[in-house]
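[1] This is the structure alone, sequence omitted:
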Ligand SMILES: [Zn+2]
C-alpha cells in the first residue's frame with residue numbers, strides 16, 4: 001500500500017533536486033504502463049487525471065482502478081486532479097480518491113485567480129489535501145492537448161507569484177516560463193532567470209506543464225531551479241498512437257486487442273525514459289520513509305433511536321446519507337441495521353473520510369451540524385462514536 005501524501009512527496013523532490021513525473025492517463029493501458037515503469041525504476045510517480053480529458057473516460061468509473069493500482073504497488077504514488085476548473089471539480093476529485101488537486105484559473109485576472117484558488121485551498125486543506133495553483137498561462141500550440149489550452153502565452157511574473165502564493169496558500173506553483181501544452185514547434189526557449197527568481201521568491205515545489213519535447217539538458221536546468229513535478233502527456237499519447245499505427249501496417253490483426261497490443265509497453269518505455277531523466281529513479285525506498293501514508297479514517301457510530309418508527313428511522317438515515325455525503329472529504333457512507341435479536345445497538349453509520357483532517361472539518365461543517373442537531377441527536381440518545389485510522 002503506497003498511496004502517500006503528495007505534499008511530502010514533492011517536498012522531498014524539491015529538497016533533493018529531482019522531479020516526479022505526473023503522467024496524465026486516459027485509459028487502463030496508460031495506468032498500467034505508468035505504474036509498471038515506476039516499479040521497474042523503483043521511483044515515485046503521480047497518476048494524473050486531467051479534467052480536460054474527461055470526455056475520453058468516465059472519471060467516476062476509472063478512479064476505483066486508479067486507487068486500486070496505487071494501493072497495490074510498493075512504490076510511492078499520489079493521485080492528482082489535473083486542471084480542475086472549479087471548486088466543485090476539486091470536491092468531486094477528492095471524493096473519488098484524488099489526494100492532490102490542481103485548480104487552474106490561470107486564464108482569469110490575478111484577483112479572480114487568487115479568489116478561486118483560495119476557496120479551493122481552504123476546502124482541500126480542510127481535507128488534508130495539497131493544492132497546485134497556476135499563475136501565468138501555458139498555451140497549446142499543436143497536438144491533441146493544444147486545443148484544450150487556447151490563447152497566448154503569459155509569463156509568470158516574480159511579484160505576482162509572491163503575492164499569489166502568499167494570498168492563496170497553495171502548496172505547489174505551476175509556472176509559465178516558455179513551455180507549451182501539446183507539441184512544441186522547434187526548440188522551446190525557456191526563461192531560466194525568471195524561473196530562478198520565482199523559485200527564490202516563493203520557495204515552493206514548482207510545476208512545469210507542457211513537459212513534452214524538451215531536451216535532456218533543459219529538463220535538468222528546470223530541476224536545478226526548483227521544478228519538482230513535470231506534467232507529461234503528449235509524448236505518451238504519441239507513443240501509443242505510433243504503436244497502433246505500426247500494428248495496422250503489419251496487418252496481422254484487425255481486432256481491438258490486436259491493434260492495441262504493445263500500447264501499454266510503448267507508454268511504459270517512454271515513462272521509464274522520463275523517470276531516469278528526471279532523477280526520480282531509485283528514490284522510492286528512501287522517499288517512502290519521509291511520507292505520510294495516505295490511509296482513510298473511518299468514523300463509526302452505533303446507536304439506538306427513541307420516539308420514531310422504523311420507517312421514520314429509515315427516512316432519517318437516507319436523508320442523512322444524501323446530506324452528509326456532499327461534505328468535502330467524505331469518501332463513502334455505509335449505514336446498517338443490526339441482524340442480532342438483542343437490541344443493545346440497532347443501527348450503525350460508517351463514514352469514511354479521505355484523511356484524519358476531515359474529522360474536525362466534518363464535525364464543524366454546517367450541513368453536519370444541522371443534520372446532527374435537528375434530525376439525529378434528538379432521536380439517537382444512546383450512541384457510541386469512534387474514529388478509526390484504517391490499517
Ligand atoms: Zn497542463
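    Okay, I see it. Being a predicted model, the structure only gives us computed values, none of them experimental.
[2] Give me the phi and psi for the closest residue to the ion within the chain.
    Nearest to the ion, among the residues of the chain, is residue 209, at 3.3 Å (CB to the ion). From N, CA and C alone the C-beta is placed, and that goes for glycine too. Per-residue torsions, residue 209: phi -100, psi 150 (degrees, to the nearest 10).
[3] right, and it touches residue 178 too?
    No - at 11.3 Å, residue 209 does not count as touching residue 178 under the criterion of CB atoms under 8 Å.
[4] circling back: tell me how far the residue of the chain closest to the ion lies from residue 218.
    For residue 209, the distance to residue 218 equals 14 Å [CB to CB, to the nearest Å].
[5] Which residues does residue 4 form beta bridges with?
    Per DSSP bridges, the residues bridged to residue 4 are residue 293.
[6] Number of residues surrounding it?
    Residues contacting residue 4 under the criterion other CB atoms under 10 Å number 24.
[7] give me the element the residue sitting nearest the centre point of the chain is part of.
    By CA atoms, centre = their mean, the mean C-alpha position of the chain lies nearest to residue 80, the distance being 1.5 Å. In this structure, residue 80 sits in strand 77-84 according to DSSP states H and E.
[8] per-residue confidence averaged over that strand?
    Per-region confidence: strand 77-84 scores 97 on mean pLDDT.
[9] do stretch 27-36 as well
    Averaged across stretch 27-36, the pLDDT comes to 98.
[10] what's the weakest-modelled helix or strand in the chain?
    strand 140-142 (a mean of 71; mean pLDDT, DSSP states H and E).
[11] hang on, residue 14 packs against residue 226?
    Yes - Residue 14 lies in contact with residue 226 (CB under 8 Å); the separation is 6.6 Å.
[12] interface residues of the protein facing the ion?
    Applying CB under 5 Å from the ion, we find that the chain lies next to the ion at 209, 231.
[13] how does it look with 8 Å?
    Applying CB under 8 Å from the ion, we find that the chain lies next to the ion at 50, 82-83, 104, 134, 138, 145, 149, 174, 181, 209-210, 231, 233.
[14] I'd like the next helix or strand past the strand holding residue 80.
    The C-terminal neighbour of strand 77-84 among helices and strands, as given by DSSP H and E, is helix 87-96.
[15] rewinding a little: residue 209 and residue 178: who's more crowded?
    Neighbours per residue (other CB under 10 Å) separate residue 209 from residue 178, with residue 209 holding more: 27 against 21.
[16] For the stretch 101-250 of the chain, give me the ranges with low pLDDT.
    141-146 (pLDDT under 70).
[17] Please tell me how far residue 106 sits from residue 59.
    Where residue 59 is concerned, residue 106 sits at a distance of 22 Å (CB to CB).
[18] Counting neighbours, go ahead and name the busier of these two.
    residue 106 (23 against 18).
[19] mind listing what that one touches?
    Counting by CB atoms under 8 Å, 6 or more residues apart in numbering, residue 106 makes contact with 113, 134-138, 154, 174, 176.
[20] coming back round to it: reformat the residues of the chain next to the ion as a markdown table; add distance to residue 264.
    Listed next are the residues of the chain next to the ion as a markdown table, based on distance: CB to CB, whole Å:
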| residue | distance to residue 264 |
| --- | --- |
| 50 | 20 |
| 82 | 21 |
| 83 | 24 |
| 104 | 29 |
| 134 | 30 |
| 138 | 28 |
| 145 | 20 |
| 149 | 27 |
| 174 | 28 |
| 181 | 24 |
| 209 | 25 |
| 210 | 24 |
| 231 | 21 |
| 233 | 16 |
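[21] What about those residues, which one has the most neighbours?
    Among the residues of the chain next to the ion, the one with the most neighbours (other CB under 10 Å) is residue 210, at 29 neighbours.
[22] That residue contacts residue 137, doesn't it?
    No - Residue 210 lies out of contact with residue 137 (CB under 8 Å); the separation is 11.0 Å.
[23] contacting residues for the residue nearest to residue 82 when sequence neighbours are not counted?
    Among residues not flanking residue 82 along the chain, residue 50 sits closest, at 3.9 Å (CB to CB, 6 or more residues apart in numbering). Residues near residue 50 by CB under 8 Å, 6+ apart: 24, 82-83, 233.
[24] What of residue 123?
    Counting by CB under 8 Å, 6+ apart, residue 123 has contacts 87, 90-91, 328.
[25] any chance of those residues in JSON lines, plus neighbour count and pLDDT?
    JSON lines is the format used below for the contacts of residue 123 (neighbours: other CB atoms under 10 Å; pLDDT from 0 to 100):
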{"residue": "87", "neighbour count": "18", "pLDDT": "97"}
{"residue": "90", "neighbour count": "26", "pLDDT": "98"}
{"residue": "91", "neighbour count": "21", "pLDDT": "98"}
{"residue": "328", "neighbour count": "22", "pLDDT": "98"}
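[26] tally of neighbours for the nearest residue to residue 80 once chain neighbours are set aside?
    Nearest non-adjacent residue to residue 80, counting by CB to CB, 6+ apart: residue 100, 4.2 Å away. A total of 29 residues lie near residue 100 under the criterion other CB under 10 Å.
[27] Tell me who's in contact with residue 100.
    Taking CB under 8 Å, 6+ apart, one finds 6-7, 46, 78-81, 129-132 in contact with residue 100.
[28] do the same with residue 211
    Contacts for residue 211 (CB under 8 Å, 6+ apart) come out as 21, 179, 219, 230-232, 274.
[29] so residue 49 bridges to which residues?
    residue 81.
[30] What pLDDT does the model give it?
    Note for residue 49: predicted pLDDT of 98.
[31] surely it meets residue 61?
    No - between residue 49 and residue 61 no contact is recorded; they are 11.8 Å apart, counting by CB under 8 Å.
[32] When those two are compared, which one has more neighbours?
    Taking other CB under 10 Å, residue 49 and residue 61 do not tie; residue 49 has more neighbours (25 against 9).
[33] coming back round to it: relative to helix 87-96, how tilted is the strand holding residue 80?
    Taking axes from the mean of the first three to the mean of the last three CA atoms, to 10 degrees, one finds strand 77-84 and helix 87-96 inclined to each other by 160 degrees.
[34] Before I go, just wanted to say thanks for your time.
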